[in-house]
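Q: Need coordinates for the below:
(one chain, ligands or ions: 2)
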Amino acid sequence: MLRNNSTLTSESDTTCIFCLISNGQDKDTQVIKNNNELVCFRDIYPAAPHHYLVVPIQHIHSCFSLHRGHVDLVKRMAEMGKAVLQDQGITNMEDISLGFHQPPCTSVDHLHLHVLAPRSQIYEHLMHKFIPKTDNFVTEESLRNRIKDKAPILRAFNINVAKIYSPKQCILSDIERTDAQLVDTLE
Ligand SMILES: [Zn+2]
Ligand SMILES: [Zn+2]
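A: Ligands and ions are numbered 1, 2, ... in the order given. Have a look, this model is predicted:
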């Protein structure tokens with residue numbers, strides 16, 4: 001299958017595990033909450049006592065695919081995450097962590113919000129993956145701020161960005177930094 005089909009947004013991608021889960025096609029994953037736009041389920045590698053993922057049913061590649069038209073989507077993802085935490089008995093909503101990994105630090109290339117609680121009990125050996133305000137982990141609030149003035153990117157250009165991030169490494173190389181700057185310049 002051509003990878004180009006899965007780099008931006010499309011209805012569904014049969015090679016994407018989160019597309020399968022959101023369409024109820026993965027028997028091993030129990031959906032905890034869903035509506036016509038979003039689905040929430042447990043992270044299979046929990047980094048805290050409560051660790052959920054909220055994903056859009058529509059296949060969106062990553063944070064980098066988002067623009068000003070997605071601000072409310074990000075907001076609704078966070079709202080669902082908080083609602084799930086409350087359903088699960090979390091009462092201290094200050095001690096939670098909501099955020100996104102961004103390429104090349106994503107494990108699945110389908111946009112997903114990590115919802116962790118309590119934040120003070122994130123497991124030490126996994127803590128480095130969830131430090132807010134780093135290139136690795138972007139809080140939902142800072143993501144909304146970052147995209148609120150961002151115009152949609154040309155499709156062809158975004159495909160090139162995706163290629164640069166492969167093979168996956170969790171280190172931002174000079175090429176990637178230049179590329180990220182290029183995105184800003186083009187807008
Ligand atoms: Zn997908
Ligand atoms: Zn992730």
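
Q: partners of L98 in the sheet?
A: Applying DSSP bridges to L98 gives these bridge partners: V115.

Q: what about it, how many neighbours?
A: Using other C-beta atoms under 10 Å, L98 has 23 neighbouring residues. Heads up, the C-betas are built off the backbone N, CA and C, glycines and all.

Q: the longest helix in the protein is where?
A: helix 71-87 (DSSP state H).

Q: so how many other residues sit close to Q121?
A: Counted with other C-beta under 10 Å, the neighbours of Q121 add up to 13.

Q: For it, grab phi and psi.
A: phi -120, psi 20 (degrees, to the nearest 10).

Q: and it, what does it touch?
A: A48, P49 (C-beta atoms under 8 Å, 6 or more residues apart in numbering).

Q: who are the neighbours in contact with the nearest residue to N136 once chain neighbours are set aside?
A: The shortest distance from N136 to any non-neighbouring residue, by C-beta to C-beta, 6 or more residues apart in numbering, is to C105 (4.7 Å). Counting by C-beta under 8 Å, 6+ apart, C105 touches K129, D135, N136, F137, C170.

Q: buried set for the longest helix of the chain?
A: V71, L73, V74, R76, M77, A78, M80, G81, K82, V84, L85 (16 or more other C-beta atoms under 10 Å).

Q: Contacts for stretch 141-152, please.
A: The contact list for stretch 141-152 (C-beta under 8 Å, 6+ apart) reads 63, 66-71, 74-75, 99-100, 132-133, 138, 187.

Q: which of the residues you listed count as buried?
A: Buried, going by 16+ other C-beta under 10 Å: C63, L66, H70, V71, V74, G99, F100, V138, out of those.

Q: from memory the first one sits against G99, does it?
A: What that stands for is C63. No. Counting by C-beta atoms under 8 Å, G99 is not a contact partner of C63; they are 9.8 Å apart.

Q: Thanks again, I'm all set now.
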